[in-house]
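>>> fold the following.
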Amino acid sequence: MYLTIAIAFICIWIGAIEEVLFPLPNNAFNLFILSYHFSFLIVIFPLLACLPYATSYLEDCKTGHIQYALIRMTPAKYIFTKIMVNGLAGGLGILLGCILAFFTLVVVEGIELNTISIVPVDAIVFHKLLLTYPLLWMYVLFLVIFIGGFCFATFGLGLSVIIRNPYITILFPFFYKIFSGVVLTKISYVLFIAYALSLASGGASIELVIIHNSILLTVGLLFFVTGVKIHVKNLY
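Model prediction:
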């Protein structure tokens, strides 16, 4: 999780460093929004979300901890606890890195040097809110980042039950995102899974955020709950 926080922080700063080193009149809002949506972070987001805890079920099976855990709690409680801890670790890991990056940008660049100058601003979801109350808009973006991290982590956790390999478990959501961007977008742009994370990319909408995250969450929950129940049945 510490690694996830650090990488998210670094990715935001890599995207903003040119403007910081060679500054024009700017502010933390502009730099963060552009850096988040068009830097390396949005590319590796699924991998980072799965990094902290998505392979924990495989570790439980490998070490035999699952038998010990099921002595102390019901299968339903084990499933719920695993899903919540995994989702919170994935979501908070990326969110904390982004928040730290934003506040360091606030310290370096400030927030009142000029108005929002992202072009075209009307392509941004809730752009009127961004122009009027940019800090409130940032809270919405942070919520989307957390939800995206939670859902991608849950997706990875569910896949782990089927894949049974910790490395592929972490990498598969990342490769699926690449596949959706290269292949599925040729069918329709709305199939690009990155819209689960975006409020400022071309074609982004709050509907796509909700739809894609709902799909990731549903598939992850379905795979994990079904897989654990079958495993528990075989144990006893």
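>>> buried sites along the worst-scoring helix or strand of the chain on mean pLDDT?
Taking mean pLDDT, DSSP states H and E as the measure, the helix or strand of the chain with the lowest value is helix 2-21, at a mean of 84. For helix 2-21, a neighbour-count test (16 or more other C-beta atoms under 10 Å) marks 4-5, 7-13, 15-16, 19 as buried. C-beta coordinates here come from the backbone N, C-alpha and C atoms, glycine included.
>>> phi, psi of the closest residue to Glu112 other than its chain neighbours?
Closest residue in space to Glu112, ignoring its immediate chain neighbours: Asn27 at 6.9 Å, by C-beta to C-beta, 6 or more residues apart in numbering. The phi and psi values for Asn27, taken as degrees, to the nearest 10, are phi -150, psi 170.
>>> I'd say Asn27 and Val108 touch.
No: using C-beta atoms under 8 Å, Asn27 is not in contact with Val108, being 10.3 Å away.
>>> for those two, indicate the residue with more neighbours.
Asn27 (19 against 13; other C-beta atoms under 10 Å).
>>> and Ile162, how many residues sit next to it?
Count around Ile162 with other C-beta under 10 Å applied: 13.
>>> now it. Nearest residue, chain neighbours left out?
Phe223 (6.0 Å).
>>> tell me who's in contact with that neighbour.
Applying C-beta atoms under 8 Å, 6 or more residues apart in numbering, one finds that Phe223 lies in contact with 158-159, 161-162.
>>> narrow the residues you listed to those in helices?
Mapping the contacts of Phe223 onto helices (DSSP state H) picks out 158-159, 161-162.
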